[in-house]
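Peer 1: dropping a prediction and its sequence here:
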Amino acid sequence: MITLCKVNEEEFKRYLDFMIPDYAQDITKNFDLTMEQALEESEMMMNDMFKDGLATKGQYLYNIVDDHSNEKVGVLWYSIISEINQAYLYHILIDEPKRGIGYGSKTLEKLQEILKTAGVKSIGLSVFGKNDGAYRLYKKLGYSNTRISMEKIL
């Protein structure tokens, strides 16, 4: 149903142009930061995670492509920490019109197959508290809570 295709340099730049402000919006929704502070935090994080751009060791960024239509339906970003045989899922984004029809599940199942074949023992991820759809998807696919962060605004 889906294929994972590595992004090219142009797609990587577009991804960063999207991801930095998008992640900053998530930060402002979930933490007490201004948009300016959140943009700075988001840009620092992305620059740190992709120190060498697409050539950064251990970082994997893919387009999610529908096998039948050959249409890009989303993007997947994860890392592998080989020293501990663990992967970390940073971002899965299914394009708005393609949500709710199985692409998220199929992508995670494909990722699990790839990682298992590579000898990776587990996948970690974080979900913002206000992202109910992602939380339900992960629970449905057998992910369990390993920690819960809570906050009360005073």
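Peer 2: Cool, the structure landed.
Peer 1: C-alpha only now, for contacts and for neighbours.
Peer 2: Will do.
Peer 1: which other helices and strands contact the longest helix seen in the chain?
Peer 2: When the chain is parsed with DSSP state H, its longest helix is helix 9-30. In terms of contacts (3 or more Cα pairs under 8 Å, 6 or more residues apart in numbering; DSSP states H and E), helix 9-30 is packed against helix 35-49.
Peer 1: which residues touch the longest helix of the chain?
Peer 2: The contact list for helix 9-30 (Cα atoms under 8 Å, 6 or more residues apart in numbering) reads 33-35, 38-39, 41-43, 46, 54, 128-130.
Peer 1: got it, and stretch 127-138?
Peer 2: With contact meaning Cα under 8 Å, 6+ apart, stretch 127-138 is reached by Asp26, Asn30, Gly104, Ser105, Ser144.
Peer 1: from those residues, list the buried ones, please.
Peer 2: Buried by 16 or more other Cα atoms under 10 Å: Asp26, Gly104, out of the contacts of stretch 127-138.
Peer 1: is it possible to export the contacts of stretch 127-138 to a markdown table including distance to Gly124?
Peer 2: Listed next are the contacts of stretch 127-138 as a markdown table, based on distance: Cα to Cα, whole Å:
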| residue | distance to Gly124 |
| --- | --- |
| Asp26 | 19 |
| Asn30 | 20 |
| Gly104 | 16 |
| Ser105 | 16 |
| Ser144 | 10 |
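Peer 1: for Leu125, which residues are in contact?
Peer 2: Taking Cα under 8 Å, 6+ apart, we find Leu125 in contact with Tyr88, Leu89, Tyr90.
Peer 1: what is the helix or strand harbouring Ser105 packed up against?
Peer 2: Assigned by DSSP states H and E, Ser105 belongs to helix 103-117. Helices and strands touching helix 103-117, by 3+ Cα pairs under 8 Å, 6+ apart, are strand 2-6, strand 86-94.
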